[in-house]
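Peer 1: Below are the sequence and a predicted model for it; my questions follow.
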Amino acid sequence: MSHWLTYVKHSYEVILEAEAKLCINLEHNTEAYMVHLFARYLDKPTLNSEPVCIRLMNGINLPKNQKRNVLTAVAEECLLINGLELAKHKWPTMSYYSEMGSMAFDQLAYVENPIDVFYISLAENFKLLSKVLNNCRAPL
């Protein structure tokens, strides 16, 4: 992550532009989350190396810290794949990544006690957040 600040700055600009295209304003926490998610993707663009449904199912039964890490990775990977429509022709169904990602965010909310409402919000707004990322794509 030698270029982290550059990635964050660029990601912030891209996310703001996508929000403007969609005529929406994400909540500050959600916007910051999306900026950092996009910046991390710019630094490590490898995704979908293992089926997310298997990782999701295995992650649910792990101890708390491991569960948090696995569910976060699955949720974020699904959001990026769904939003950026990466390798869409290989998707099992059109809603696969949306469903898996929403489920992972939802399960992530229940790892904490009390329940983390931020992750519930991400699960509920998965499609909107995917639209934001979709508007971050370079035109084909």
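Peer 2: On my side now, so go ahead.
Peer 1: State the helix or strand in which the residue lying closest to Asn82 once chain neighbours are set aside lies.
Peer 2: Distances taken as Cβ to Cβ, 6 or more residues apart in numbering put Tyr97 closest to Asn82, at 3.8 Å, once the chain neighbours are dropped. Every residue, glycine included, has its C-beta placed from N, CA and C. Here Tyr97, judged by DSSP states H and E, is contained in helix 96-109.
Peer 1: If you count neighbours, what's buried in that helix?
Peer 2: Buried residues in helix 96-109, counted by 16 or more other Cβ atoms under 10 Å: 96-98, 100-109.
Peer 1: any idea which of these is closest to Lys131?
Peer 2: Closest approach between the buried residues of helix 96-109 and Lys131, by Cβ to Cβ: Ser98, at 11.0 Å.
Peer 1: list the contacts for the closest one?
Peer 2: Cys78, Asn82, Phe126, Lys127, Ser130 (Cβ atoms under 8 Å, 6 or more residues apart in numbering).
Peer 1: same check, this time on Phe105
Peer 2: By Cβ under 8 Å, 6+ apart, the neighbours of Phe105 are Leu71, Ala75, Tyr119, Ile120, Leu122, Ala123, Phe126.
Peer 1: how close does the closest residue in space to it that isn't next to it in sequence get to Thr46?
Peer 2: Counting by Cβ to Cβ, 6+ apart, Phe105 lies nearest to Ala123, which is 3.8 Å off, once chain neighbours are set aside. In this view, Ala123 and Thr46 are 24 Å apart by Cβ to Cβ, to the nearest Å.
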